[in-house]
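[1] Quick one, fold the following:
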Amino acid sequence: MKEIRVAIFEDNSSLREGLFNLLEASNGFTCVGAFAHCEHAIENIEDTRPDVILMDIEMPVVSGIEAVKKLREKFPGIKILMETIFEDDDKIFQSICNGAQGYILKNTPPDEILDSIKDIYEGGAPMSPVIASKVLGIFRYNLSGNTNDSFNLSIREKEILKCLVEGMSYKMIAATCFISPDTVNGHIKNIYRKLEVHSKSEAVVKAIKGKMV
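    Residues are numbered from 1 along each chain as shown. Okay, the predicted model is just below:
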């Protein structure tokens, strides 16, 4: 089984070391880089080529939110999991809009951190319960936009889009909809094309802003 390659951006040295040791001691994971800031994030990722980035939201010089946007533009295939001690609605919203695909708190137990990394690697959108509650609140009360615009999505595409919004992985969507993962992938490509987006996070934001689910 392929090891999941993880890069860490964390300015707190003890936390950074703890995450590094956790990954290196766990089967199926390897830490390819642990960085104290995001000033050279593009170069860092070009050198290490991780599958998943674990990103602290509060970073010196360049914030995690700014780094996410730059990294998503340069490396659209790499998954980004945000980590923070804060439950700030605005920062959560900005991170998701910039392309973060998951969001956990720093006090998340080690085994749950590993589960979240594996989940995001497999196509899920992991969030700590308190963060998930915040996100639902943000979308429910603060977002506005065109409503009930279906973008000519089929019934099946709307069903799969709803699954994406709920944070399901491709495998979970396939099991829920009784179709193959390859069929799910085909539908998602069509959804991206119709919504004119390039990632799951963009599709989720657009779907909820447009009240399509």
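[2] What is the least confident helix or strand in the protein?
    For the chain, counting by mean pLDDT, DSSP states H and E, helix 129-141 ranks last in confidence among helices and strands (a mean of 63).
[3] and the next element down the chain from that helix?
    Downstream of helix 129-141, the next assigned helix or strand under DSSP states H and E is helix 155-165.
[4] which sections of this structure are below the confidence cut-off?
    Scanning the chain for pLDDT under 70 picks out 1, 86-90, 130-150, 211, 213.
[5] count of neighbours near the residue nearest to V68 when sequence neighbours are not counted?
    Counting by C-beta to C-beta, 6 or more residues apart in numbering, V68 lies nearest to N98, which is 4.4 Å off, once chain neighbours are set aside. All C-beta atoms are positioned from the backbone trio N, CA, C, and that covers glycine. Close neighbours of N98, defined as other C-beta atoms under 10 Å, add up to 21.
[6] correct me, but N98 touches E73?
    No - using C-beta atoms under 8 Å, N98 makes no contact with E73, being 9.5 Å away.
[7] Return the set of buried residues in the longest helix seen in the chain.
    Using DSSP state H, we find that the single longest helix of the chain is helix 181-195. Neighbour counts over helix 181-195 (16 or more other C-beta atoms under 10 Å) mark 184, 187-188, 190-191, 194-195 as buried.
[8] Quick one: these as CSV, columns for distance to I78 too.
    Output for these, formatted as CSV (distance: C-beta to C-beta, whole Å):
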residue, distance to I78
V184, 21
H187, 23
I188, 18
N190, 23
I191, 21
K194, 25
L195, 21
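[9] Now the spatially most central residue of the chain: phi and psi?
    Computing the C-alpha centroid of the chain and ranking residues by C-alpha atoms, centre = their mean puts Q101 first, at 1.1 Å. The phi/psi pair for Q101 (degrees, to the nearest 10) reads phi -110, psi 0.
[10] coming back round to it: residues touching the longest helix of the chain, excluding its own?
    Helix 181-195 has contacts (C-beta atoms under 8 Å, 6 or more residues apart in numbering) with 151-153, 156-157, 160-161, 164, 170-171, 173-174, 177, 198-200, 202-203, 206-207.
[11] Just the buried residues from these, in ChimeraX please.
    To isolate the buried ones among those in ChimeraX, judged by 16+ other C-beta under 10 Å, type:
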select :151,153,157,160,161,164,170,173,174,177,200,202,203,206,207
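[12] Three-state assignment for G77, please.
    coil (DSSP: H, G, I helix; E, B strand; the rest coil).
[13] and it, how many neighbours?
    G77 has 7 nearby residues by other C-beta under 10 Å.
[14] For it, which residues are in contact?
    By C-beta under 8 Å, 6+ apart, G77 lies in contact with nothing.
[15] From D51, how far off is it?
    Counting by C-beta to C-beta, to the nearest Å, the separation of G77 from D51 is 9 Å.
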